[in-house]
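K.L.:
Using only what follows, build the 3D model:
(one chain, ligands or ions: 2)
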Amino acid sequence: MSELIIEGLKATVGGAEILSGVNLTIRSGEVHALMGPNGSGKSTLSHVLLGRPGYEVTGGTVRLDGDDVLAMSTAERAAAGLFLAMQHPTEVPGVLLRDVLGASSALDGDDFEAAVASELTAIGLEEAFLERALNVDLSGGEKKRNETIQLAILQPKIAVLDEIDSGLDVDGLRLVSKRIERATNDDGLGVLAITHFTRLLTELKADFVHIFTGGVIVETGGPELADELEESGYARWVPVDEKPESKNPALADDPFADPLA
Ligand code: ADP
Ligand code: MG
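P.N.:
Ligands and ions are numbered 1, 2, ... in the order given. Next comes the predicted model:
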């Protein structure tokens, strides 16, 4: 049983405060969906949790099973059981997917080969991808399958998935979300799934849905909150003076109108 406890987390990027006091607890086996408008700070939260340089924590704490995550290097956070599937996975020329999986896995020899083969099948990637440089010249969806196989082999305690659904085709989305759901059931993986769409949550069953705007969680509910969001957008949570249409009433009728007109 693992527990990631985020309390009062504040952070700045480029001098601007992006996280303004995030409180969130993720336990083994739980799926938390984090949904919020573009630019609200969701990816910033994911970067801060894994310690990306340039993101300065200005307040609050993050603890994994009692240990101070913010005091650890990124490698130490990963070794402690934190995983990030990046919104935009980094291309690493010269490093093969096989190398990364081999370095991540506790298995070797035939056991490793069997585990990798079974994971490739589970997420619908061909074996040839093992010999390709990490994320180099991959399609958006292939990169997301790549992130998923790394998760499956590394077997973290808590995974942050930053828009793992973006770029995936319908079949890919089903396989990836099913694989992650299986990890929550079989291995007790705890998940923070950043997403814009409820379709990710068809296979990956959310226990909690959090609405995130302006660097804080403004509401927490169950899956019905995601359905409401898909139906009526963020209007209920984003203050009127932050919406472009409030500056130009004509925009209220035409979502594709030029906001600067
Ligand atoms: P989201 O993932 O919710 O769409 P982000 O966390 O990516 O939002 O970004 C939140 C805000 O922080 C945005 O206004 C973005 O432009 C800004 N931001 C993020 N990273 C940087 C950076 N490295 N330098 C400057 N601004 C940044
Ligand atoms: Mg983002």
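K.L.:
roughly how far apart are the residue nearest the centre of the chain and ligand 2?
P.N.:
The centre of the chain sits closest to Leu161, judged by Cα atoms, centre = their mean, with a distance of 1.9 Å. Leu161 sits at a distance of 11 Å from ligand 2 (criterion: Cβ to the ion, to the nearest Å). Glycine gets a C-beta too; all of them are placed from N, C-alpha and C.
K.L.:
List the beta-bridge partners for that residue.
P.N.:
Leu161 has these beta-bridge partners by DSSP bridges: Ala85, Ala193.
K.L.:
wait, what's in contact with it?
P.N.:
Contacts for Leu161 were tallied using Cβ atoms under 8 Å, 6 or more residues apart in numbering; they are 85, 147, 180, 191-195.
K.L.:
again, only this time at 10 Å
P.N.:
Leu161 makes contact with 31, 33-34, 46, 83-87, 144, 147-148, 151, 176-177, 180, 191-195, 200, 204, according to Cβ atoms under 10 Å, 6 or more residues apart in numbering.
K.L.:
before we move on, could you check phi and psi at Thr90?
P.N.:
With angles defined as degrees, to the nearest 10, Thr90 sits at phi -80, psi 140.
K.L.:
got it, and Gly141?
P.N.:
phi -70, psi -40.
K.L.:
Equivalent analysis for Asp207, please.
P.N.:
The phi/psi pair for Asp207 (degrees, to the nearest 10) is phi -90, psi -30.
K.L.:
Tell me how many other residues crowd the closest residue to Ser2 other than its chain neighbours.
P.N.:
Nearest in space to Ser2, with sequence neighbours left out and distances taken as Cβ to Cβ, 6 or more residues apart in numbering, is Lys157 at 4.0 Å. Applying other Cβ atoms under 10 Å, we find 21 residues neighbouring Lys157.
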